[in-house]
Every structure is written in C-alpha cells, then in structure tokens.
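> Structure for the following, please:
(2 chains)
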Amino acid sequence: MTWPEFWIVVLRVLLTFALLLVATLINVWAERKILADMQSRIGPSRAGPWGILQTVADGLKLFFKEAVTPRKVELGMYLLAPFLAVVPAFLIFMMVPWGKPFTVAGNEVALQGADLNIGLLFILAMSSLAVYSVVLAGWASGSKYPLLGGVRATAQAISYEAAMGLAMVAVVMFTATQGEGGTLSLAEIVERQAGTWGDIIPALEPVLQFVPRWNVFPQIVAFIIFFIAIVAETNRAPFDLVEAEQEIVGFHTEYSGMRFAMFFLAEYVNIFSMCAIAASLFLGGWNGPTFEGSVPAIISGLLPTVWFLAKTYFLIFLFFWVRATLPRLRYDQLMQLGWKRLIPGALAWLVLSAFVISFRQFGPPWGS
Amino acid sequence: MGLIKELIKGLRVTGGTMIRTIAGDELVTTEYPKEMRVKPQRFHGRHVLNRYPDGMEKCIGCQLCAGACPAQCIYVRGMDNDPESPNSPGERFGYVYEINMLRCIFCGLCVEACPTEAITMTSLFEISTTNREDAIYTKETLLMDRRGNVPHMFPDDELADLDELDTADGWLRATAPAGVAAYEGVKMWQDTPGPADWSPEPSQEERDRKTGDDESDG
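Numbering: from 1, shown residues only, chains lettered A, B, ... in the order given. Sure thing, here's the model as predicted:
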C-alpha cells in the first residue's frame, strides 16, 4: 500500500463517519419536526433556523450532565454496553457505498467506508451484535424494568433478524443472475442495479426504458419484508417494545448523561444505516441520472450522493410516518407477525424466486 | 387484506394532518412566550386594585371582599383618610391589602362583593413564584399606578388604554359632588384591566321610559 492509497482510505473513512454524524443530527431533528407536523404541533423551532440545531443543543446538554451510576449495577458490563451499541452502529454504515467511485490522479476512490466482499454478512453480524448492548444494558442495570426491556430485545431480534436475513438472501440470489457470479459486496450489488429494465428485457423496452433497474421491482415482497424487519431491528415504533416508555421506560432507564446519549445516538445511526442498506439493496443505491456531459463535472459527480440520500431519506420518512401512525404491538402480536407471517412469507418468496431463477437459467425441469 | 386497508387508512390520517399542518391550516399550538393566545373576555386572572381617573384609589377598606372570599385569602385593614390629602374619595381607604395567591381559587367573588369596583380580575396569568412569600400579593403589587399598570411579567406591555383611563367613568360622574346623574352612553368602567367589555349603563330617562308603564298602572 502506497502513501496516497493510505490517505485515501483514511479520508473515506472519515468522510463516511462525518456523513453519518451529520445525517444523525438531521434525523433527530427531522423526526421531531415530522412527528410535530403529524400531530398538529410546531416542534423544535428555537435553536437555529427551523430549530435545526436542536440536536446539537440536546447533545451538549447531555454531554455536560452527570452520568449517575446506580449502586446495584454490574459495573463492567454497565459501562461497556453503551459502546457496544455505538460501535456496531457505525461499522454497519461503513459497508454502504454512498456515492459513485471516481478516479483522482490514477487512484480509485470509492465513496464507502470499506468494500468488504462479505459486506452483507458483516452487516448481519453487526446488527446481531448490536442486540448484545441492549441485553447487557438491561441486565447490568440491576433493575427490573431494564431487564424486561433486555429480554424483550433478545426475543424480538431473533424473530426479526431471521426474516431480514431471508429477504437479503432472495436479493443476493437475484443479483447473482444480473452479473457474473454471485456477490455479497454492497458496492457490487449497487453497481448491478445501474440502467433501466428496458436494457434487460428488450421486448418491453418502450415501457420499461423508464423503469430503473432496481431490485425492488422483481423483489417487491422481499422489500416489504425487509422494511418491516429493519423497523423491528432498530427497535422503532410500532416495534419499540424494548423501549416502551409508557410501560417499562426501556432498557436504558438507569443510564444518564452521555451514556444515555450513546444509546440514543446508536438508535438513530442504526435507522440511517438500515435505511441506507435498504436503499442500496432494493432502490439502486446511488444509481440515478447524472446528466454527465451536460452539467459541470462536479455536479454530475455529486448527484449520485444526492440520489442515495434522497432514497435513504424517503425510507426514513416512512419510518417516521409509521411511527406517528401505528400503536405499539402487543408482545404476542409481535411474535405472531414475526414467526407466522414474515418468516414463512420470506421463506416462500425465497423458494419462489429460486424456482424462477433456476427456471430461467436451466430451462424447465421436464426438459432435457 | 383488511389489515392493510386499515394501515393505509391510518397513514392517510397522519399524512393528511402533516400536509395541513405545514400549510398552516391545522396548527393548534403557539410559540407561547413569543405569542400569547387572546384570553376570553371573562378570564379570571390575577387581581388588581383600580384607581379613579383622578388618581384616587377606589378601595375604601370595607373588607367586603375579605368577607366574601371562600378561601379566606384576602386580608384588608382600613384606615381613616387624612382630610387634607385623601387616598380615596370616601371616608376610609384600604391601608393594608393582601391576597395570598397560593390560597386564592380565582372564583371572582371578591370582584362581585366590591361596592366600588376597586378590585377586578385581569387577564394576567403568569403568577408563579420561586418562594412562598412572593405569592402573597401586597398593595404594592396589586394597586395599579397612574398609567394603569401593575407589576407583571412583561413590563413593556401596556395593560390599560390611557385614553380610557383619562375619561371619567360612569360611576364617578354619577357620584362626584359635581357629577351628573344621567350618564348616558358612558361605560361604567375601563375595558382593561377590568373585566372586559361591558355595555354602557342605560340612561335614567331610558330606564324610566321602560318602567314608566308599570308605574302608571300602579
């Protein structure tokens, strides 16, 4: 590795990190503002224009608050849990390509934290790891309600991660037919969604040339299952049983100050990265018209990032919309939806798409 | 399928509300300290002690308000006026006047009991204090100054209409030694900080005209 390459790696990790932090600041504000609008309120309006600096004010306040440590905590785990929440949350987003790769002085710069060839597996691993923080925080607090929250987190994560993984598998299988060989790298999956469906199915080109080649069209069921699963995975309403302010206050009841802020930060980082992953897997990531040649190079270079953010924020808006609309599920309803609807649904869809893919590749089984 | 139908129905409610709120049609909250809602006319806010337009205190220290108060939060002690420089147009004036705002239930019976309209309720409502002593309003806090103001949260806001204050009100015109008994079309007291808008008292002649038939019959 040469020095320029080294600095490019450092720079892109820092850029990804900065993007994530800024997006989180905006997410918290956007959620409060959108919820306020949906409830006929004004929402944050004092800090900065339209209250956009509200998160900064809240963060500073939490930073200077005393972090109280209750007497009955398991100290080691209690202190470790907030970090266990934040680190996987940030690592997940490192896998997501948030712009078109470009070349500077002969060096390829991918706008992505790191392009692992097992990207999707890494994402699944990290999102499972994030559950540990919730369980440990609940258990180490030495208090009954946080413990309840932690126990709920385990059950919820196991049920919904299965559906999420199965939906991902369907996409991976489908992507394997769209290029040479299968891939688990998110960058590769995004690149295979470039263009329109008209290029793939020439027979219907007049209509399909306006339909982008996103995975959401052939994999709509997987998309719906994946979206429901990531809402549950990030512990958002209506699946926020882990937090459930009205009944058990949540797994972070005994946390205060910056330690609490880290759980909060992790939640919003997770929302952003999960929506970014959904946008990359199903909505074509940074793919979109760049108008190359007709606009300055800097604009056509930035447009992919704009498309990526637009798609991600569309999904995040859906998160907020659903939160403002639906009441929290009861525990048995949560389990029913997970085990009786989503997992069988995801399995059936997986088998169906496997059948269609092999049919298209090898011809009908009754043939030669 | 029924579930999905209900889901879409719910999403339409919240989405529609959002659009209407952004358009400004459905916003129900205000940015409170910056902009305040208009209070209803008969709002029971904190009390003030009024003055006559010539600067005399209206309170005559009769203690009727203290007697009427169901919470027993008013303490009044009257004193004889100095004939040379009287505080009130009557024989006596309210020397000590205290209202314990922690006990007051804002029923307004003191206002109804007062024979001279000395005590009235305003639309001021920001009366929280940081210690219990400050919650006992003395004459200093209650008595309005010559400009119709009492100490309150927003000293820059004029409480009373000055033109209104400078006009002799109906009661004064009727009862002053040089007053006129017919006070046609004159309001009985000021709009603010008194109890909102009252219609003018009918004139003596008008009243006679109305009751005249009855008298001739009897």
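> how about the helices in the stretch 251-368 of chain A?
Using DSSP state H, counting those that start in this stretch, the helices found in the stretch 251-368 of chain A span residues A:257-282, A:297-325, A:331-336, A:343-362.
> what about the shortest one, average pLDDT?
Over the span of helix A:331-336, the pLDDT mean works out to 89.
> ok, residues contacting that helix?
For helix A:331-336, contacts defined as CB atoms under 8 Å, 6 or more residues apart in numbering or on different chains pick out A:152, A:155-156, A:159, A:232, A:239, A:241. Quick note: C-beta positions are derived from backbone N, CA and C, even for glycine.
> how far is it from where the chain is centred?
23 Å (CA atoms, centre = their mean, to the nearest Å).
> And stretch A:316-336, by the same measure?
So, by CA atoms, centre = their mean, the centroid of stretch A:316-336 is 17 Å from its chain's centroid.
> among the helices of the stretch 251-368 of chain A, which is the most enclosed?
Mean neighbour count (mean count of other CB atoms under 10 Å in any protein chain shown) peaks for helix A:257-282 among the helices of the stretch 251-368 of chain A, with a mean of 24.
> Run the angle between it and helix A:297-325 for me.
With axes from the mean of the first three to the mean of the last three CA atoms, to 10 degrees applied, the angle from helix A:257-282 to helix A:297-325 works out at 110 degrees.
> can you list the residues of the stretch 151-300 of chain A near chain B?
Within the stretch 151-300 of chain A, no position is adjacent to chain B by CB under 8 Å from any CB of the partner chain.
> pLDDT below threshold where in the chain?
Just going to use chain A. By pLDDT under 70, the low-scoring segments of chain A are A:367-368.
> was after chain B, sorry
Ranges of chain B meeting pLDDT under 70: B:1, B:41, B:147-148, B:153-204, B:207, B:210-218.
> longest helix of the chain?
Defaulting to chain A. The longest helix of chain A (DSSP state H) is helix A:3-38.
> nope, chain B
helix B:2-23.
> Columns distance to A:V22 on top of the helices of the stretch 251-368 of chain A, output as a markdown table?
Formatted as a markdown table, these follow (distance: least, CB to CB, whole Å):
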| stretch | distance to A:V22 |
| --- | --- |
| helix A:257-282 | 10 |
| helix A:297-325 | 11 |
| helix A:331-336 | 33 |
| helix A:343-362 | 34 |
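> Which of the ones you listed sits closest to B:I99?
Of all the helices of the stretch 251-368 of chain A, it is helix A:257-282 that lies closest to B:I99, at 43.3 Å by CB to CB.
> Check which helices and strands that closest one sits against.
If you count contacts as 3 or more CB pairs under 8 Å, 6 or more residues apart in numbering or on different chains; DSSP states H and E, helix A:257-282 packs onto helix A:3-38, helix A:54-64, helix A:75-93, helix A:119-140, helix A:144-176, helix A:186-191, helix A:220-233, helix A:297-325.
> about what we covered before: buried residues in the longest helix of chain B, which are they?
Residues of helix B:2-23 classed as buried by neighbour count (16 or more other CB atoms under 10 Å in any protein chain shown): B:10-11, B:14-15, B:17-18, B:21.
> pull the CA atoms of it into CSV?
Written as CSV, here are the backbone C-alpha positions of helix B:2-23 (Å, rounded to 0.1, in the frame of the first residue of the first chain):
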residue,chain,number,x,y,z
GLY,B,2,-58.3,-5.9,6.0
LEU,B,3,-55.2,-5.2,8.0
ILE,B,4,-53.5,-3.4,5.0
LYS,B,5,-56.7,-1.4,4.4
GLU,B,6,-56.7,-0.2,8.0
LEU,B,7,-52.9,0.6,7.8
ILE,B,8,-53.4,2.7,4.7
LYS,B,9,-56.4,4.4,6.4
GLY,B,10,-54.2,5.3,9.3
LEU,B,11,-51.3,6.5,7.2
ARG,B,12,-53.7,8.8,5.3
VAL,B,13,-54.8,10.4,8.6
THR,B,14,-51.3,11.2,9.7
GLY,B,15,-50.1,12.2,6.3
GLY,B,16,-53.1,14.4,5.7
THR,B,17,-52.6,16.1,9.0
MET,B,18,-48.9,16.7,8.2
ILE,B,19,-49.8,18.4,4.9
ARG,B,20,-52.5,20.5,6.5
THR,B,21,-50.2,21.5,9.4
ILE,B,22,-47.4,22.5,7.0
ALA,B,23,-49.9,24.6,5.1
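> ok, now how distant is A:R41 from A:T69?
According to CB to CB, to the nearest Å, A:R41 stands 35 Å off from A:T69.
> which residue packs closest to residue 75, ignoring adjacent ones?
The chain I'm using is chain A. Leaving aside its sequence neighbours, A:L75 sits nearest to A:T69 (CB to CB, 6 or more residues apart in numbering or on different chains; 7.4 Å).
> Oops, wrong one, chain B.
B:E98 (4.5 Å).
> Neighbours of B:D82, how many?
9 (other CB atoms under 10 Å in any protein chain shown).
> what's the answer for A:G142, then?
15.
> mind listing what's buried in stretch A:224-242?
Within stretch A:224-242, the residues that count as buried by 16+ other CB under 10 Å are A:224-242.
> wait, stretch B:71-91
B:73-74, B:76, B:78, B:81, B:87-90.
> Export only the CA atoms of it, formatted as PDB.
Once non-C-alpha atoms are left out, stretch B:71-91 reads as follows in PDB (Å, rounded to 0.1, in the frame of the first residue of the first chain):
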ATOM      1  CA  ALA B  71     -60.700  30.600  50.500                       C
ATOM      2  CA  GLN B  72     -60.100  33.400  53.100                       C
ATOM      3  CA  CYS B  73     -57.100  34.600  51.200                       C
ATOM      4  CA  ILE B  74     -57.800  38.300  51.400                       C
ATOM      5  CA  TYR B  75     -56.700  40.400  54.300                       C
ATOM      6  CA  VAL B  76     -57.800  44.100  54.400                       C
ATOM      7  CA  ARG B  77     -57.300  46.700  57.100                       C
ATOM      8  CA  GLY B  78     -58.900  50.000  56.500                       C
ATOM      9  CA  MET B  79     -57.800  53.400  57.800                       C
ATOM     10  CA  ASP B  80     -59.400  56.800  58.000                       C
ATOM     11  CA  ASN B  81     -58.400  59.200  55.200                       C
ATOM     12  CA  ASP B  82     -56.400  62.300  56.000                       C
ATOM     13  CA  PRO B  83     -58.900  65.000  55.100                       C
ATOM     14  CA  GLU B  84     -56.100  67.200  53.700                       C
ATOM     15  CA  SER B  85     -54.800  64.600  51.300                       C
ATOM     16  CA  PRO B  86     -57.200  61.700  51.000                       C
ATOM     17  CA  ASN B  87     -56.200  58.400  49.400                       C
ATOM     18  CA  SER B  88     -59.700  57.500  48.300                       C
ATOM     19  CA  PRO B  89     -62.800  59.700  47.800                       C
ATOM     20  CA  GLY B  90     -64.600  58.100  50.700                       C
ATOM     21  CA  GLU B  91     -64.100  58.300  54.500                       C
END
